[in-house]
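Q: Pasting the sequence and the predicted model now:
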Amino acid sequence: MTVSHDASGEAVLEHEENIVGHLHHVVSWQTYLVVYIALLFLTVITVLVATVHLGEFNTIVALSIAVVKMLLVLLFFMHVRWSGSVLRMVVLAGFIWFAIMVVLTMSDYASRHWDQGGSAAPNVPGVAPVVQQVNSEQSNH
């Protein structure tokens, strides 16, 4: 590991060369500490937001916070911030594939014709009558 000093006299960690000859970025423990504290703060915010009724925006706010936390982990703990363009393309391809899978799953879910009786059970032979029987027994009590 190479340590140099910037104009203010602070020590700056340079890249480190591994056995194969590739350069690795050395991240200071202060950076990890700041990211860790940010993750804890965002977790507390997530819990607090869950106690507030925001209507349909609860899910949007919770997912937005989760995306920020995911980006912090990805960029700093997984070192994608300092990686080459090939690895960044692989990460991007993974997110694109994940988005495709979510869109396909949600389109399949939205295209299903659910039971008109208000139950959440799909119209599967043998399942709907059992769910209707359970629902009617619960409404009688």
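A: That came through, no problem. Everything numeric here is computed off the predicted structure, so don't read it as measured data.

Q: Low-confidence stretches in the chain?
A: Along the chain, the model assigns pLDDT under 70 to residues 1-24, 114-141.

Q: try 80
A: 1-27, 82, 113-141 (pLDDT under 80).

Q: All the helices of it, in order from the start?
A: 29-51, 57-72, 85-111, 127-140 (DSSP state H).

Q: what would those helices look like in a markdown table with mean neighbour count and distance to His79?
A: For the C-beta atoms, the positions are set from N, CA and C on the backbone; glycine is no exception. Shown next, in a markdown table, are those (neighbours: other C-beta atoms under 10 Å; distance: least, C-beta to C-beta, whole Å):
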| stretch | mean neighbour count | distance to His79 |
| --- | --- | --- |
| helix 29-51 | 12 | 11 |
| helix 57-72 | 13 | 12 |
| helix 85-111 | 10 | 9 |
| helix 127-140 | 11 | 48 |
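
Q: Would you reformat those as JSON lines and include distance to Met78?
A: Formatted as JSON lines, the helices of the chain follow (distance: least, C-beta to C-beta, whole Å):
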{"stretch": "helix 29-51", "distance to Met78": "11"}
{"stretch": "helix 57-72", "distance to Met78": "10"}
{"stretch": "helix 85-111", "distance to Met78": "8"}
{"stretch": "helix 127-140", "distance to Met78": "42"}
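
Q: tell me how far the ends of stretch 42-62 are from each other?
A: 10 Å (C-alpha to C-alpha, to the nearest Å).
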